[in-house]
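**Q** sequence isn't available, so here's the structure alone:
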Ligand code: FUL
C-alpha cells in the first residue's frame with residue numbers, strides 16, 4: 001500500500017461521496033435556476049445564513065486537535081492496525097493538563113482522536129478488543145475519552161471526537177457489517193460522555209488500488225449524530241464544516257462561507273421538503289476561488305459551508321520526541337492565526353500529547369508566548385478613541401465585544417470616516433461581519449488622508465466572520481474605510497485598528 005498524503009485522500013473522498021438524503025435540516029442551502037440572472041443569484045447567496053450550530057462553531061475561532069493513540073508509542077503517523085495494544089502505556093496521563101494548557105492559550109474547543117486509522121480505541125469499546133482495555137494502562141480500566149470529556153466540562157470548553165472511518169484493524173472493514181460496527185462505536189462516543197460539540201470524519205483512506213473498499217453509510221451516521229447530539233457540527237466528511245483544502249494552516253485570502261453545492265437534487269427537494277435535506281455538499285472545495293460571482297453563476301445550488309483550517313504545531317500529527325525542537329515558532333503561529341482565523345476560518349491547531357500522556361513543555365511554552373503576542377497586538381483598539389461624523393454610539397457598535405451589534409452600509413457608497421484628536425499609529429486592521437445576516441462584503445479599502453487627498457493603505461476582498469490584515473506601520477489623524485462592492489446591505493460588526 002502506498003502512503004497517500006492525508007490531503008490527497010480528502011480530495012478523493014470529496015469526489016467519491018454519494019448523494020444522500022436524511023431527515024433533519026442541516027446545511028442551509030438554496031436552489032438556483034439555470035436561467036437565473038446574476039442579481040437574483042447574488043441575492044440568494046446573500047440570504048444564506050449559518051445554522052445555530054455553525055454560528056456557535058464559527059465564534060470559537062480557536063480549537064485544538066489532540067492526535068494521541070498507539071502511534072504515540074510506535075513513532076508512526078499511520079499505524080497499520082497490527083500494533084499490540086500493550087504498547088499503549090502512558091506513565092503520567094493528565095487530560096486536565098491538556099485542557100488547562102490549551103484553554104490558557106485562548107482555545108475554546110478540543111477534538112480527541114478517539115480512533116485513528118489504525119483502529120485502536122482510546123475508550124473501552126464494546127465492539128472491539130483493540131482498545132485501551134487491552135493495554136496495561138490503569139490495568140485496562142482507563143478511558144482517555146472520558147478523561148478528556150470530563151476535563152472539558154470542568155474547564156468549560158467544547159468537546160469533540162475524531163472517529164476515523166478508515167479502520168485498518170476491524171476485520172469486517174470492506175463489508176456492510178462495518179457500517180454497523182461504526183454505528184456502534186459512534187453511539188458509544190455520543191452517549192457515554194455528555195455533550196459532544198463536534199464530530200470529525202476524516203476523508204483519508206490509503207488502501208490503494210488493491211486494498212479493501214468500504215462504502216461508508218454517511219447518511220445513517222449523520223442521522224445518528226443529529227438524533228443523539230443535535231448541537232454537534234459534523235466536520236470535513238460532513239454537512240456543517242468544510243476542510244479548507246490544505247494542512248498548512250493558511251486559508252484563502254478570499255474565503256466565502258457560501259459556496260456552490262452541485263449534489264443537491266432539485267427533484268428530490270421538490271418531492272420532499274427542503275427542511276429534510278441532509279447531505280455533505282459536493283463541489284470544488286479545494287481550489288483557490290470557491291465562491292466568487294463567477295463560481296456562483298455555474299452552480300446548481302448554494303450552501304453555507306464554512307472553512308476549518310487544520311494544522312499541527314509540529315511537523316507530524318502525532319508526538320515524536322525527535323520533533324521536540326521543531327515546534328512552530330511564535331511568529332509562525334501568529335502568521336497562521338492571521339491566515340486562518342483572520343481569513344474567515346476556524347483554526348484547528350493540533351497539539352499532540354507525548355508518551356507520558358502530557359503536553360510537552362516545548363509546545364506549552366510556545367502556546368503561552370503565542371497567546372501573549374496576540375494579547376499584546378489586540379490590547380487597544382484605536383477605533384474606540386476616534387471621533388466620527390456617525391457618532392459615539394455608532395462607533396461603539398463596532399468596538400464592543402459583541403459580534404451581534406452592527407452598522408449597516410450600502411456597497412459602493414458605504415464608508416466610515418474616523419478622526420483622531422492626535423495622530424494614531426497602527427499596523428493591523430480587524431473587520432467582522434455580523435454573519436447572522438449572511439456574508440456580503442466583496443471588497444473593502446482602508447485609506448488615510450494625507451496632504452489633502454485620500455491614499456490607500458490596504459484593500460481586500462472577503463471579510464466574513466473575521467478578517468485580519470497587517471501592513472507597514474502608518475500614522476495619521478484621519479482614516480476612512482470603504483466598501484466598493486458587496487452583495488446587498490452590509491452588516492459590519494467590528495472595526496479595529498491596532499498597533
Ligand atoms: C489526515 C490523516 O491522515 C492524518 O493522519 C491526520 O489525522 C489529519 C488531521 O488528517 O487526513
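**A** Thanks, I have the structure now. Fair warning: this is a prediction, and the values are worked out from it, not measured in the lab.
**Q** which residues of the stretch 301-450 of the chain lie near the ligand?
**A** 310, 317 (C-beta under 6 Å from any ligand atom). Placement of C-beta: from N, CA and C, glycine included.
**Q** can we see that at 5 Å?
**A** For the stretch 301-450 of the chain, the residues in contact with the ligand (C-beta under 5 Å from any ligand atom) are residue 317.
**Q** residue of the stretch 301-450 of the chain closest to the ligand, please.
**A** Residue nearest to the ligand within the stretch 301-450 of the chain: residue 317 (4.4 Å; C-beta to the nearest ligand atom).
**Q** secondary structure element for that residue?
**A** Residue 317 belongs to no helix or strand when assigned by DSSP states H and E.
**Q** residue 362 too?
**A** Under the criterion of DSSP H and E, residue 362 resides in helix 361-377.
**Q** and that helix, what's buried?
**A** 363-364, 366-367, 369-371, 374, 377 (16 or more other C-beta atoms under 10 Å).
**Q** can you put the residues you listed in a markdown table and add pLDDT?
**A** Shown next, in a markdown table, are the buried residues of helix 361-377 (pLDDT from 0 to 100):
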| residue | pLDDT |
| --- | --- |
| 363 | 98 |
| 364 | 98 |
| 366 | 98 |
| 367 | 98 |
| 369 | 98 |
| 370 | 98 |
| 371 | 98 |
| 374 | 98 |
| 377 | 98 |
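**Q** that older thread, give the next helix or strand downstream of the helix holding residue 362.
**A** Next element after helix 361-377 (DSSP H and E): helix 392-399.
**Q** tell me who's in contact with residue 195.
**A** If you count contacts by C-beta atoms under 8 Å, 6 or more residues apart in numbering, residue 195 has them with 159, 229, 231.
**Q** and those, which of them are buried?
**A** Counted by 16+ other C-beta under 10 Å, the contacts of residue 195 give 159, 229 as buried.
**Q** kindly state the domain boundaries assigned to this structure.
**A** If you go by automatic domain parsing, the domain ranges for the chain are 7-377, 382-498.
**Q** centre of the chain versus the first one, how much separation?
**A** Using C-alpha atoms, centre = their mean, to the nearest Å, we find the averaged C-alpha position of domain 7-377 to lie 8 Å away from the chain's own average C-alpha position.
**Q** tally of neighbours for the closest residue to the ligand within the stretch 201-350 of the chain?
**A** Closest approach between the stretch 201-350 of the chain and the ligand, counting by C-beta to the nearest ligand atom: residue 204, at 3.3 Å. By other C-beta atoms under 10 Å, the residues close to residue 204 number 21.
**Q** which residues in the stretch 151-300 of the chain form strands?
**A** 158-163, 198-201, 233-236, 242-243, 258-260 (DSSP state E, counting those that start in this stretch).
**Q** can you lay out those as TSV showing mean pLDDT and distance to residue 330?
**A** Output for those, formatted as TSV (pLDDT from 0 to 100; distance: least, C-beta to C-beta, whole Å):
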stretch	mean pLDDT	distance to residue 330
strand 158-163	98	25
strand 198-201	98	27
strand 233-236	97	27
strand 242-243	96	26
strand 258-260	96	33
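**Q** distance to residue 220 for those - can I get that in JSON lines?
**A** Below are those laid out as JSON lines (distance: least, C-beta to C-beta, whole Å):
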{"stretch": "strand 158-163", "distance to residue 220": "14"}
{"stretch": "strand 198-201", "distance to residue 220": "13"}
{"stretch": "strand 233-236", "distance to residue 220": "13"}
{"stretch": "strand 242-243", "distance to residue 220": "21"}
{"stretch": "strand 258-260", "distance to residue 220": "25"}
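**Q** possible to save those strands as TSV with distance to the ligand?
**A** What follows is the strands of the stretch 151-300 of the chain, written out as TSV (distance: least, C-beta to the nearest ligand atom, whole Å):
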stretch	distance to the ligand
strand 158-163	7
strand 198-201	8
strand 233-236	8
strand 242-243	9
strand 258-260	21
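**Q** what strand or helix carries the spatially most central residue of the chain?
**A** Geometric centre of the chain, nearest residue: residue 308, 2.4 Å, by C-alpha atoms, centre = their mean. Using DSSP H and E, residue 308 sits in strand 307-312.
**Q** residue 432 too?
**A** For residue 432, the host element (DSSP H and E) is strand 415-433.
**Q** for residue 334, give its distance to residue 111.
**A** Noted for residue 334: a distance of 22 Å to residue 111, by C-beta to C-beta, to the nearest Å.
**Q** which one of those two has more residues nearby?
**A** residue 111 (25 against 18).
**Q** one step back: tell me the phi and psi of the residue of the stretch 201-350 of the chain closest to the ligand?
**A** Note on residue 204: its backbone torsions stand at phi -70, psi 140 [degrees, to the nearest 10].
**Q** what does residue 144 give?
**A** Dihedral pair for residue 144: phi -70, psi -40, per degrees, to the nearest 10.
**Q** mind listing what it touches?
**A** For residue 144, the contact set (C-beta under 8 Å, 6+ apart) comprises 68, 93, 95, 112, 122-123, 132.
**Q** could you do residue 249 as well?
**A** Residue 249 is in contact with 309-311, 336, 339-340, 347, 349, counting by C-beta under 8 Å, 6+ apart.
**Q** one more time with 6 Å, if that's ok
**A** Contact analysis of residue 249 by C-beta atoms under 6 Å, 6 or more residues apart in numbering lists 309, 311, 336, 340.
**Q** helices of the stretch 1-150 of the chain, start to end?
**A** Ranges of helices in the stretch 1-150 of the chain, per DSSP state H, counting those that start in this stretch, are 6-16, 38-47, 52-60, 70-74, 95-104, 144-154.
**Q** quick one on the thing from earlier: would you mind putting the contacts of residue 249 into JSON lines with neighbour count and distance to residue 88 alongside?
**A** Listed next are the contacts of residue 249 as JSON lines, based on neighbours: other C-beta atoms under 10 Å; distance: C-beta to C-beta, whole Å:
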{"residue": "309", "neighbour count": "28", "distance to residue 88": "30"}
{"residue": "311", "neighbour count": "23", "distance to residue 88": "26"}
{"residue": "336", "neighbour count": "22", "distance to residue 88": "31"}
{"residue": "340", "neighbour count": "29", "distance to residue 88": "32"}
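**Q** from the ligand, how far out is residue 108?
**A** In this view, residue 108 and the ligand are 19 Å apart by C-beta to the nearest ligand atom, to the nearest Å.
**Q** now for the residue lying closest to that residue once chain neighbours are set aside, how many residues are close by?
**A** The shortest distance from residue 108 to any non-neighbouring residue, by C-beta to C-beta, 6 or more residues apart in numbering, is to residue 60 (4.1 Å). If you count neighbours by other C-beta under 10 Å, residue 60 ends up with 19.
**Q** what do you get for the one 5 residues further on?
**A** In terms of burial, residue 65 registers 23 neighbours under the definition other C-beta under 10 Å.
**Q** I figured it was touching residue 347, is that so?
**A** No - Residue 65 is beyond contact range of residue 347, at 10.2 Å (criterion: C-beta atoms under 6 Å).
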